[in-house]
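Peer 1: 3D, please:
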Amino acid sequence: MNMACPMCEVRLEPEPGFYQGAMYVGYGITIACMLAISLTLYYLFNPPDWVYMVSVIGFMILIAPLNYRYSRIVYLYFFGGIGYDPEALRLRP
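Peer 2: Okay, here's the model as predicted:
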């Protein structure tokens, strides 16, 4: 992750250890994905138990980099006091 935004130059890490709370956001994303996969498999196919385990673990390994990145982005958006400003793109030379 960049130290500062390349467009508006705002610091993306407000303080040391700021993203420790992003672990809770990542945990929420993980639980939501596990629940969605499990319910989908249960209602569409009703497979044996080992299929649930392999499906969920395999999917979570595949999306681990996305989970890491997006949990930090969501945490920064909600608790960092930084919002999206479309005017900032137009003002930049």
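Peer 1: Helix or strand: which one has residue 26?
Peer 2: Secondary structure assignment for residue 26, by DSSP states H and E: helix 22-44.
Peer 1: following that helix, which helix or strand shows up next?
Peer 2: helix 49-62.
Peer 1: ok so, going back, please identify the buried residues of the helix holding residue 26?
Peer 2: Across helix 22-44, burial judged by 16 or more other CB atoms under 10 Å covers 22, 25, 26, 29, 30, 34, 37. Where you see a C-beta, it was placed from the backbone N, CA and C, and this is true even at glycine.
Peer 1: Same question for stretch 49-60.
Peer 2: Quick answer for stretch 49-60 (16+ other CB under 10 Å): 55, 56.
Peer 1: In PDB, could you pull the C-alpha coordinates for it?
Peer 2: Taking Å, rounded to 0.1, in the frame of the first residue of the first chain, the C-alpha atoms of stretch 49-60 are listed here in PDB:
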ATOM      1  CA  ASP A  49     -19.100 -32.200   4.900                       C
ATOM      2  CA  TRP A  50     -15.600 -32.400   3.400                       C
ATOM      3  CA  VAL A  51     -16.800 -30.500   0.300                       C
ATOM      4  CA  TYR A  52     -17.800 -27.500   2.600                       C
ATOM      5  CA  MET A  53     -14.400 -27.500   4.100                       C
ATOM      6  CA  VAL A  54     -12.500 -27.700   0.900                       C
ATOM      7  CA  SER A  55     -14.700 -25.100  -0.800                       C
ATOM      8  CA  VAL A  56     -14.500 -22.500   2.000                       C
ATOM      9  CA  ILE A  57     -10.700 -23.000   2.600                       C
ATOM     10  CA  GLY A  58      -9.900 -22.900  -1.100                       C
ATOM     11  CA  PHE A  59     -12.000 -19.800  -1.700                       C
ATOM     12  CA  MET A  60     -10.500 -18.000   1.300                       C
END
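Peer 1: Can you check what angle separates the helix holding residue 26 from helix 49-62?
Peer 2: Counting by axes from the mean of the first three to the mean of the last three CA atoms, to 10 degrees, helix 22-44 lies at 140 degrees to helix 49-62.
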